[in-house]
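1. Pasted the sequence and its predicted model underneath.
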Amino acid sequence: MSKKLSFDQVITAHLKTLEQYVPIVARVHGKSHPEFHEVHKLFTAINEKIKAAGSEKPELDHEFQELRKVTADYTVPGDVCESYEAVYRMLAELDEAYRA
């Protein structure tokens, strides 16, 4: 059984990749999946709060609640690329680690 990563570990593992992927996925898929523009805004808010918090745990309950709503609990649409799927997977892992 694998050990769950802490919030800080998930940030270290995924934040840089998310910073690269989210804007690209928004540009590529935003026209056919306009909800991803909201995902982009929410990720930007999360990222800013993480960076502003320094070593403290930021308050992200609202952002993750909205992300779960906008993404239907990170359900990947059937007509998207692997990068879109990776973004949802990484955001879900970040959300899960935050709530742990």
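-> That came in fine, so what should we check first?

2. Tell me, how many residues neighbour Phe64?
-> By other Cβ atoms under 10 Å, 18 other residues sit near Phe64. All C-beta spots, glycine's among them, are computed from the backbone N, C-alpha and C.

3. Surely it and Tyr98 touch.
-> Yes - the criterion here is Cβ atoms under 8 Å, and Phe64 meets it with Tyr98 at 6.1 Å.

4. For those two, list the residues in contact with both.
-> Common contacts of Phe64 and Tyr98 (Cβ atoms under 8 Å, 6 or more residues apart in numbering): none found.

5. buried sites along stretch 62-75?
-> Across stretch 62-75, burial judged by 16 or more other Cβ atoms under 10 Å covers Glu63, Phe64, Glu66, Leu67, Val70, Thr71, Tyr74.

6. as a whole number, average confidence for that stretch?
-> Averaged across stretch 62-75, pLDDT comes to 98.
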